[in-house]
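In: one predicted model, sequence on top.
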Amino acid sequence: MENLTQNDEFVVQESSAPSKMQRRSFLKYAGAGAAAAGMLVASACKKHHDDNNTVDVGSGDIGVLNYAYALEQLEAAFYTQVVATPYSGMSPAELTAFTEIRDHEVLHREFLKAALGVNAIPALGVNFGSINFADRASVLAAAKAFEDTGVSAYNGAGYIISNSTYLGLAGKIVSVEARHAAFIRDLINYNSFADSSVIVDSSTGLDTSRKPSQVLPIVAVYLTTNLTANQLP
């Protein structure tokens, strides 16, 4: 297995997205007016970390966007590694698909970072030592876990967002994450993209949702930074 470093950990790099989106571009794309733009600028710039390597996402809309930003940092780092060190037997079609997913996740990360501006949490430390990137089953299992968790995280945090512009953008991101989740599930087991075993409730037809307090323990195994959401419901 090829690791990111000898210690199986690294800090997410602030690399450029395939088409890097600055904060001004984000606001223009989102169609946000001066009031919405001012809300982020006027927000108190809180200290997000302490000397114990703990990062808290914050509260309100800022907290939700930072929460999403943290998850997108993790996914972008994972798929960057998948593409950099393809597993044994990865087909050209699979490599193309994973490259596209990587690009989506990097854009999501940069999109949210641009929206947050000075309120963004710092880059997180990531540890993928439990994933064998040379093994197809290990990579697909991890990808499935990341995507299913990501979709449930957006579903569970959306109600906290008060600004309709940010809520609409979160909906656009989670729909892409759900497409990723369906693709990964089909790679593992054909036609399992919407199975009712865990993800889709067969009695309601609704996807799973998780609160931040349920999501963070799941992703903690892949982080060297202690990530908290103590100010979110």
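Out: Great, that's in hand.

In: CA atoms of stretch 119-130 as CSV?
Out: C-alpha atoms of stretch 119-130 as CSV (Å, rounded to 0.1, in the frame of the first residue of the first chain):
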residue,chain,number,x,y,z
ASN,A,119,-14.6,32.5,8.7
ALA,A,120,-13.3,29.3,7.2
ILE,A,121,-11.8,26.7,9.5
PRO,A,122,-8.1,25.7,8.9
ALA,A,123,-7.0,22.8,6.8
LEU,A,124,-7.6,19.5,8.6
GLY,A,125,-5.1,16.8,9.3
VAL,A,126,-6.1,13.5,7.6
ASN,A,127,-5.1,9.9,8.3
PHE,A,128,-6.0,7.2,5.7
GLY,A,129,-3.8,4.5,7.2
SER,A,130,-6.8,2.2,7.6
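
In: mind listing what's buried along that stretch?
Out: Of all the residues in stretch 119-130, those buried under the rule 16 or more other CB atoms under 10 Å are 119, 120, 121, 123, 124, 125, 126, 127, 128. All C-beta atoms are positioned from the backbone trio N, CA, C, and that covers glycine.

In: setting the sequence-adjacent residues aside, check what's closest to residue 54.
Out: residue 226 (4.2 Å; CB to CB, 6 or more residues apart in numbering).

In: one more: residue 66?
Out: Here the residue nearest residue 66, using CB to CB, 6+ apart, is residue 57, at 3.8 Å.

In: list the residues that contact the one you found.
Out: Neighbour list for residue 57: 48, 63-64, 66-67, 70, 121, 212, 227-229, 231-232 [criterion: CB atoms under 8 Å, 6 or more residues apart in numbering].

In: same check, this time on residue 131
Out: The contact partners of residue 131, by CB under 8 Å, 6+ apart, come to 78, 138, 139, 142.

In: can you give me the helices for this protein?
Out: Using DSSP state H, the helices of the chain run over 23-30, 34-42, 60-84, 92-116, 136-157, 164-188, 212-219.

In: so which of these is the most packed in?
Out: helix 60-84 (a mean of 23; mean count of other CB atoms under 10 Å).

In: so residue 149 versus residue 209, what's the distance?
Out: Residue 149 sits 11 Å away from residue 209, going by CB to CB, to the nearest Å.

In: do the same with residue 164
Out: 19 Å.

In: about what we covered before: confidence-wise, which of the helices of the chain is weakest overall?
Out: Sorting the helices of the chain by mean pLDDT places helix 34-42 lowest, at a mean of 43.

In: now the residue nearest the centre of the chain: how far from residue 121?
Out: Ranked by distance to the mean C-alpha position of the chain (CA atoms, centre = their mean), the top residue is residue 72 at 2.3 Å. Taking CB to CB as the measure, residue 72 and residue 121 are separated by 11 Å.
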